[in-house]
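*Asks:* Need coordinates for the following:
(chains A, B, C and D)
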There are 4 protein chains.
Amino acid sequence: MTSHIAFIGLGNMGGPMARNLLKNNFKVTVFDLNQDAVKVLTDQGAQSAETAQAAAKKADVVITMLPSGEIVKSVYLGDDGLIRCVQKDALLIDCSTIAAEDAREVITAAHQHGVGMIDAPVSGGTAAAEAGTLTFICGGDDKDYQAAKPILSAMGKNIFHAGEAGAGQVAKICNNMLLAIHMIGTSEALNMGVSQGLDPEVMSEIMKASSGNNWSLQVYNPYPGVMPNVPASRDYQGGFMVELMNKDLGLAQKLAAQSKAATPLGALSAQLYQLHQNQGGSGLDFSSILQFLQSQS
Amino acid sequence: MTSHIAFIGLGNMGGPMARNLLKNNFKVTVFDLNQDAVKVLTDQGAQSAETAQAAAKKADVVITMLPSGEIVKSVYLGDDGLIRCVQKDALLIDCSTIAAEDAREVITAAHQHGVGMIDAPVSGGTAAAEAGTLTFICGGDDKDYQAAKPILSAMGKNIFHAGEAGAGQVAKICNNMLLAIHMIGTSEALNMGVSQGLDPEVMSEIMKASSGNNWSLQVYNPYPGVMPNVPASRDYQGGFMVELMNKDLGLAQKLAAQSKAATPLGALSAQLYQLHQNQGGSGLDFSSILQFLQSQS
Amino acid sequence: MTSHIAFIGLGNMGGPMARNLLKNNFKVTVFDLNQDAVKVLTDQGAQSAETAQAAAKKADVVITMLPSGEIVKSVYLGDDGLIRCVQKDALLIDCSTIAAEDAREVITAAHQHGVGMIDAPVSGGTAAAEAGTLTFICGGDDKDYQAAKPILSAMGKNIFHAGEAGAGQVAKICNNMLLAIHMIGTSEALNMGVSQGLDPEVMSEIMKASSGNNWSLQVYNPYPGVMPNVPASRDYQGGFMVELMNKDLGLAQKLAAQSKAATPLGALSAQLYQLHQNQGGSGLDFSSILQFLQSQS
Amino acid sequence: MTSHIAFIGLGNMGGPMARNLLKNNFKVTVFDLNQDAVKVLTDQGAQSAETAQAAAKKADVVITMLPSGEIVKSVYLGDDGLIRCVQKDALLIDCSTIAAEDAREVITAAHQHGVGMIDAPVSGGTAAAEAGTLTFICGGDDKDYQAAKPILSAMGKNIFHAGEAGAGQVAKICNNMLLAIHMIGTSEALNMGVSQGLDPEVMSEIMKASSGNNWSLQVYNPYPGVMPNVPASRDYQGGFMVELMNKDLGLAQKLAAQSKAATPLGALSAQLYQLHQNQGGSGLDFSSILQFLQSQS
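*Replies:* Numbering: from 1, shown residues only, chains lettered A, B, ... in the order given. Next up is the predicted model:
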């Protein structure tokens, strides 16, 4: 018997994720404040509800995809929060990217009401959301993780269990901090090589085959013209915006401060993206950090 | 007809490289100030010479593997330098890692005397030198590169032509700067995750399958115990020493200053390795930067 | 007619501050969870109360000196918070160093109950607290600032009005970030000069008379032996501890993130103090960052 | 009997320095490749010479003020260098800002020919050169320093003896690194405070009276409008240009690498000024780093 899923939050990521659930024959009830976003889904077979609570009450599984920890907490906690209105054996899955401490607070509250819950932030961007090839990085009890897995598999390709409650958020934010670092590092190396007369494509091939190899060189080269289908080759339009990278680097620095963990390159990367944003780079893809480094004169 | 090769500089890298030339049936005359190093090679069939000049005079190809640009310049330049004593159609191959400007100075001098020369620094360490699986990153005229390729193939697996004279040095030093950056970045991410209770092996798997993926995670994990045969799992012994990484990061910062290229993460990485060295890490493998980041209290 | 002051929080700073109020003939009722700290004050003429509320109820002015924003909020806010129990015309002065947003939240709540309040964090350390020479950096309405000034003057020498509610916290945290930066910068300059054979005292004199001049060189030289009565000349004991500087740099980075203000040197300074703390420097004076930079080998 | 001084290098600094020697009744023979610069001085009573050697031959004291270590070495060293052509008891004073190792090389060569020499780089800029209020930071033997002092006093106010040969360069470059650090730090603090609604003038007053106090706040405030007669209040025109600060920070990083001294804030400051220069700030006063930090959006 297939689950009945309530899906709350139909933005650029949530919308296509809910669609993939429908394609996989799940029964889905959606909710979003944006009626246009709701209509796209009901046109494809979803039911809709007047409120998040109404959607959640009838469901076996509730999935949320929301923009901030503040909003996640306001949706789940409190007297009219989802935790108090769902069925006793419901499973809650929060796919938002939020601070680990916020995730732990909400999951602890769910457990206090006897409700299972995991954090399951995603990696992969809107293209992967559409294609159903997202990576889910989960935190929570193994029982809840196992229950969530078949549902997440309808929306993603790689499903990881990072550890206890909040561990999904920790692993995701560590990954994205590392992504920022090697993207800037790759940009520094390519820019310096080109300033010495080297060809960025030749340099990329050499470093990809050597110890400098990393994801940026493999699939997301920041130098314009080296790869055909990446933001760098279309004026850094589309992709993963600088302001979103800034949000994640902010979460990383908050986590580092709580952990008393030294992250010197992570902290400097956050500063460089902040400078880039302040100078007008906010809406560009994050690989445009190469442009920030380049001489304009 | 096989070439007669003069090989100057039989250290940890040069020794095994010369041995692989012998194994591939090249005629090799060696020179080093260290007589023990010479004997190891003559025992395996090499001829020896009293001086570098004597070795070079008889050879079609001269290969040098020396510790610094100062020494490379003193060997090639001047009235009794190799450039003035080799045969007119000889080919010179310098495999040392030195500043690009030093490489360009020597190659220009060679060209002025009508002698072909390339810079061909290596990547891969002593294990790859022994196994004949080094990567050579070459700079110079295509004619000289093509002539050198069959000889380098006896010692390495990947042979790249990065560009004009000095380009081999530029590409190598850019690569190693990027290596330092993602090694520190990977260490920061793993250390922060572990401080939040995550398992370093699980985290490594997740980031390797995600956008954080890089060479450090793939083959050189800095967290003790995650990979069996890496320096991190034997107290950071062996491998690529912190003081050698420091030398390369020093060359990278020199190149950045000449290029007027901004390399903020490269500069900070150089500082972190300097701090690590000053606090006693000099002789450890460079992945021990994880240990430098960890709390001792 | 002199005010009756309730003083809540009698730690290393609060204790001597309350004593200076007594010396200036203010009537003071104190409260602290630590009975020994209370007894020191009652021995000198203070009255004591069973609870913070009991102390506050009878007073015209309430001064708090507490270790964190969490505690400040728990003391002032809520049904049994001080804001709800003080007299209508009471004046609240919070001298704790906390996040500006926490200060604003509490002051706003006070205003909603018709009670005047300012934030008034201090600069100067325990010696200045004892001597009554603290600097107070205040935020809030001018009326409240003017009312507080004669009372603060009993405990300090310089009283500044930085701006609206929270501005005292902002100015203090900006100042302390700048202090960390020039202390590290001074240490880098002295350490590099000494490594080149220069005398740290001669260098300090030169830079103090030149454009490098700053507070660290003037009154708090980080090089052992240059100044007689500073922590550097007594093994970095006493003074302003690394862990307290870390707390302030954490507040600064939090403020920078909220402000979307780039603070690259501030962020790196926070990282360097975190590394220093992790390696065992936690309880040393913050000028010991010079020791962290020095070579141990 | 007054000395006869040869003055080589009549640029923005050298010209007014030579003029002050004339004003103090020294006999001065000048040389520069720029004939206009020479004429300004001969109009004021200087003699001129066809070559640097001709000027130096007749003099008791030779002063040089040149733009780079390369040029200083080419003027002093070699078969027709000044060292070989001056009188045996002549005193050489190099006021150029160059690498300490270059200064040591030239002074050692002078000593080998029995000629006394000191390095005496200046601090203070063109205004101080005109006013005769420069700071001279000298390195060399005490005998030579004492002999130079009366002459330097005609051009400057503060004359320091930093130590042995090259120590003047070391102390100057350490000072300027520290200057860059506290200028950026001051800019970060002011920018963050203003972004939180504070007045930059009020903040400057508070920090100047507190532990953040430094030369930038005292005489060179980077925030437009706070001080009337500084570059910040005239669109960052005039003053000490970003590209000159970049040159000094490059010398500092070279010195740090040689010294194996960690200078994390110095290295990051060099990167930030490089980024600022690359984005078009090259010709602005160095306090314009505040503008680089500010949000443009």
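*Asks:* Can you pull the residues of the stretch 151-297 of chain A lying near chain D?
*Replies:* Within the stretch 151-297 of chain A, the positions near chain D by Cβ under 8 Å from any Cβ of the partner chain are A:268, A:275, A:277-280, A:282, A:292-297. Every residue, glycine included, has its C-beta placed from N, CA and C.
*Asks:* out of those residues, which touch chain C?
*Replies:* A:Leu268, A:Leu275, A:Gln277, A:Asn278.
*Asks:* Lowest-confidence entry in the residues of the stretch 151-297 of chain A next to chain D?
*Replies:* Checked by pLDDT, those have A:Ser297 as the lowest-scoring entry (57).
*Asks:* Break down the stretch 1-150 of chain A into its strands, ranges please.
*Replies:* Using DSSP state E, counting those that start in this stretch, the strands found in the stretch 1-150 of chain A span residues A:4-8, A:27-31, A:47-48, A:61-64, A:91-94, A:116-119, A:122-123, A:134-139.
*Asks:* Throw these into a markdown table and include mean neighbour count, mean pLDDT and distance to A:Pro224, thanks.
*Replies:* Shown next, in a markdown table, are the strands of the stretch 1-150 of chain A (neighbours: other Cβ atoms under 10 Å in any protein chain shown; pLDDT from 0 to 100; distance: least, Cβ to Cβ, whole Å):
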| stretch | mean neighbour count | mean pLDDT | distance to A:Pro224 |
| --- | --- | --- | --- |
| strand A:4-8 | 25 | 98 | 38 |
| strand A:27-31 | 24 | 98 | 39 |
| strand A:47-48 | 16 | 97 | 43 |
| strand A:61-64 | 25 | 98 | 38 |
| strand A:91-94 | 27 | 98 | 37 |
| strand A:116-119 | 28 | 98 | 37 |
| strand A:122-123 | 23 | 94 | 25 |
| strand A:134-139 | 28 | 97 | 27 |
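*Asks:* Between those, which one is closest to chain D.
*Replies:* Closest of those to chain D is strand A:122-123, at 28.1 Å (criterion: Cβ to the nearest Cβ).
*Asks:* Pretty sure A:Gln271 is one of the things A:Gly250 touches, is it not?
*Replies:* No: between A:Gly250 and A:Gln271 there is no contact under Cβ atoms under 8 Å: 11.2 Å.
*Asks:* Can you pick out the residue with more neighbours from these two?
*Replies:* Counting neighbours by other Cβ atoms under 10 Å in any protein chain shown for A:Gly250 and for A:Gln271 shows that A:Gln271 has the greater number, 26 against 21.
*Asks:* For the more buried one, which non-adjacent residue is spatially closest?
*Replies:* In space, and not counting its chain neighbours, A:Gln271 is closest to C:Pro264: 4.3 Å by Cβ to Cβ, 6 or more residues apart in numbering or on different chains.
*Asks:* circling back to that earlier point, let's see which of the residues of the stretch 151-297 of chain A next to chain D end up in helices.
*Replies:* A:Leu268, A:Leu275, A:Phe292, A:Leu293 (DSSP state H).
*Asks:* any weak-confidence spans in the stretch 151-297 of chain A?
*Replies:* The stretch 151-297 of chain A contains residues with pLDDT under 70 at A:297.
*Asks:* so where do the strands sit in it?
*Replies:* Ranges of strands within the stretch 151-297 of chain A are A:156-163, based on DSSP E, counting those that start in this stretch.
*Asks:* the domain parsing of chain A - what is it?
*Replies:* Residue ranges for the domains of chain A, per automatic domain parsing: A:4-165, A:170-293.
*Asks:* Out of those, which is the most enclosed?
*Replies:* Mean neighbours per residue, mean count of other Cβ atoms under 10 Å in any protein chain shown, is largest over the domains of chain A for domain A:170-293, with a mean of 23.
*Asks:* got the end-to-end distance for that domain?
*Replies:* Criterion Cα to Cα, to the nearest Å; first-to-last residue distance in domain A:170-293 is 29 Å.
*Asks:* on that earlier part again, identify whichever of the domains of chain A lies nearest to C:Lys260.
*Replies:* Among those, the nearest to C:Lys260 by Cβ to Cβ is domain A:170-293 (6.7 Å).
*Asks:* Where does the stretch 101-250 of chain A get nearest to chain C, which residue?
*Replies:* Proximity of the stretch 101-250 of chain A to chain C (Cβ to the nearest Cβ) peaks at A:Gly250, 5.2 Å away.
*Asks:* and that residue, how far is that from chain B?
*Replies:* To chain B, A:Gly250 is 14 Å away according to Cβ to the nearest Cβ, to the nearest Å.
*Asks:* contacting residues for the residue lying closest to that residue once chain neighbours are set aside?
*Replies:* Excluding its sequence neighbours, the residue lying closest to A:Gly250 (Cβ to Cβ, 6+ apart) is C:Ala257, at 5.2 Å. Counting by Cβ atoms under 8 Å, 6 or more residues apart in numbering or on different chains, C:Ala257 makes contact with A:Gly250, A:Gln253, A:Lys254.
*Asks:* Let me see the contact set for the closest residue to A:Gly239 other than its chain neighbours.
*Replies:* Counting by Cβ to Cβ, 6+ apart, A:Asp285 is the residue found nearest to A:Gly239 once chain neighbours are left out, at 3.4 Å. Neighbouring residues of A:Asp285 by Cβ under 8 Å, 6+ apart: A:Pro231, A:Ala232, A:Tyr236, A:Gln237, A:Gly238, A:Gly239, A:Phe240, A:Met241, A:Val242.
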